[in-house]
Every structure is written in structure tokens, then in C-alpha cells.
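Student: Coordinates for the following, if possible.
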Amino acid sequence: MPSTTKGKDFIRQNILSDLAEGKNESRVFTRFPPEPNGYLHIGHAQSICLNYGIANEFKGRCYLRFDDTNPTKESKNYVDAIKKDVLWLGLTGRNI
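Tutor: Predicted structure coming up:
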């Protein structure tokens, strides 16, 4: 966990506050929940890096969880492409 007592931004400040209060058993979990109905774009990359980076910074976990809110437009090809892109961005681990 970072040694600083004040986060660099509101997200980290909230996490540090929650950790200090012992919320969620002092664990940090984030997620990246793409819908597998298309390829990733730059906005997805930003979200992946933010969520994975915060989980990594606080020795937590980042989960890759596919949202299947529109099953008629989803495809295994998109699932495979998203997994490949996530790995290409350098994110590894048992929850990716």
C-alpha cells in the first residue's frame, strides 16, 4: 500500500479513507466490465489502465467481467479480441 496519507486525486483519497476505516476488510477490488459487442477503443484503454493501476497500486485485484446486457449483439470473437487487447496492454493476473 502507498505510504502517503493523502491520495493524488479523489479516487485515491476515497480509497485511502476506506482503507483507514477498514471497509471491505481493507482490500481493494476494481473491475473492467466491457460489453462483448464490439472492439475496444481508447476510452476502454483508459478505463483498463485506471482500474488495473489502482488495484495494483493498492495490492488489490482487478476483475475482467464481461457485461452481457445485449446478448443479441455479442460475439465470442469480441470476447477473444478484448482478452487479447487487455493482455497486449500488459495486464496480467488470475483475474484478467
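
Student: which helices and strands does the longest helix seen in the chain pack with?
Tutor: Assignment by DSSP state H gives helix 42-57 as the longest helix of the chain. Secondary-structure packing of helix 42-57 (3 or more CB pairs under 8 Å, 6 or more residues apart in numbering; DSSP states H and E): helix 10-20, strand 29-32, strand 61-64, helix 76-88. No exception for glycine: its C-beta is placed from N, CA and C like everyone else's.

Student: Can you tell me which of the ones you listed is nearest to Ser47?
Tutor: Closest of the helices and strands packed on helix 42-57 to Ser47 is strand 29-32, at 6.0 Å (criterion: CB to CB).

Student: What are the contacting residues of that closest one?
Tutor: Residues from elsewhere that reach strand 29-32 (CB atoms under 8 Å, 6 or more residues apart in numbering): 44, 47-48, 51-52, 54-55, 60-65, 86.

Student: Show me which residues of that strand are buried.
Tutor: Neighbour counts over strand 29-32 (16 or more other CB atoms under 10 Å) mark Thr30, Phe32 as buried.

Student: partners of that strand in the sheet?
Tutor: The strands beside strand 29-32 in its sheet (DSSP bridges) come out as strand 61-64 (parallel).

Student: tell me the average confidence for the partner strand?
Tutor: Throughout strand 61-64, pLDDT has a mean value of 92.

Student: then it to PDB, C-alphas only?
Tutor: The C-alpha coordinates for strand 61-64 follow below in PDB (Å, rounded to 0.1, in the frame of the first residue of the first chain):
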ATOM      1  CA  ARG A  61      -7.400  -7.200  -7.700                       C
ATOM      2  CA  CYS A  62      -8.900  -6.000 -10.900                       C
ATOM      3  CA  TYR A  63     -11.500  -8.200 -12.400                       C
ATOM      4  CA  LEU A  64     -12.300  -8.500 -16.100                       C
END
